[in-house]
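In: I need the structure of the sequence given here:
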Amino acid sequence: MANQEQLQQLTQIYSLVTQCYNQPLTGLAVNLPQCQLMSYVAAEHLSVAQVAQKLGFSATRTSNLVVDLCKRGYLKQRVAPNDRRRRYLGLTKLGEEKLTLIEQQLPEILDQTLTELRGTTREFG
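Out: Next up is the predicted model:
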């Protein structure tokens, strides 16, 4: 049977990574996948399927992220003129402002999270 301390360490590491990745980041109110999505859309003219491929997510999960960001006013969707089934994404003015804030604050948030994660691994190492 695995050592209880090792299991506890792994659980703490997993919790930190999951929290950082899936929970809204403090001060930003968006999670990392949403930050990535907005960054990809700002850099390129992408469809939902293309964003899903870049994120490594299913179409359903990506679509849910897109719907949430659209409801919050950060993204807009446009139907492709040559294929009405395809939707392309773009940032709204509010989305551009949010992305600027993300670009300013995210490095520090990630540094803090990685420092905490390294501390957790040293506790048990």
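In: before we move on, which element is the spatially most central residue of the chain in?
Out: When Cα atoms, centre = their mean is applied to the chain, the residue found nearest the centroid is Pro33 (1.5 Å). Assigned by DSSP states H and E, Pro33 falls within helix 32-43.
In: can you pull the contacts of the residue nearest to the centre of the chain?
Out: Residues in contact with Pro33 (Cβ atoms under 8 Å, 6 or more residues apart in numbering) are Tyr21, Asn22, Leu55, Phe57, Leu65. The way it works is simple: take the backbone N, C-alpha and C, and place the C-beta from them, glycine included.
In: now restrict the residues you listed to buried residues only.
Out: Among the contacts of Pro33, those buried by neighbour count (16 or more other Cβ atoms under 10 Å) are Phe57, Leu65.
In: which ones among the contacts of Pro33 map onto strands?
Out: Judged by DSSP state E, the contacts of Pro33 include no members of strands.
In: show me which residues of the longest helix seen in the chain are buried.
Out: The helix spanning the most residues in the chain, taking DSSP state H as the definition, is helix 93-124. Going by neighbour count (16+ other Cβ under 10 Å), the buried part of helix 93-124 is Gly95, Lys98, Leu99, Ile102, Leu106, Ile109, Thr113, Thr120.
In: just checking, what packs against that helix?
Out: helix 4-22, helix 32-43 (3 or more Cβ pairs under 8 Å, 6 or more residues apart in numbering; DSSP states H and E).
In: now the ones you listed in CSV, with distance to Ala80?
Out: Below are those laid out as CSV (distance: least, Cβ to Cβ, whole Å):
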stretch, distance to Ala80
helix 4-22, 30
helix 32-43, 15
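In: can you put the ones you listed in JSON lines and add mean pLDDT?
Out: JSON lines is the format used below for these (pLDDT from 0 to 100):
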{"stretch": "helix 4-22", "mean pLDDT": "79"}
{"stretch": "helix 32-43", "mean pLDDT": "95"}
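In: deepest of those helices, which one?
Out: Per-stretch averages of neighbours, counted by mean count of other Cβ atoms under 10 Å, single out helix 32-43 among the helices and strands packed on helix 93-124, with a mean of 19.
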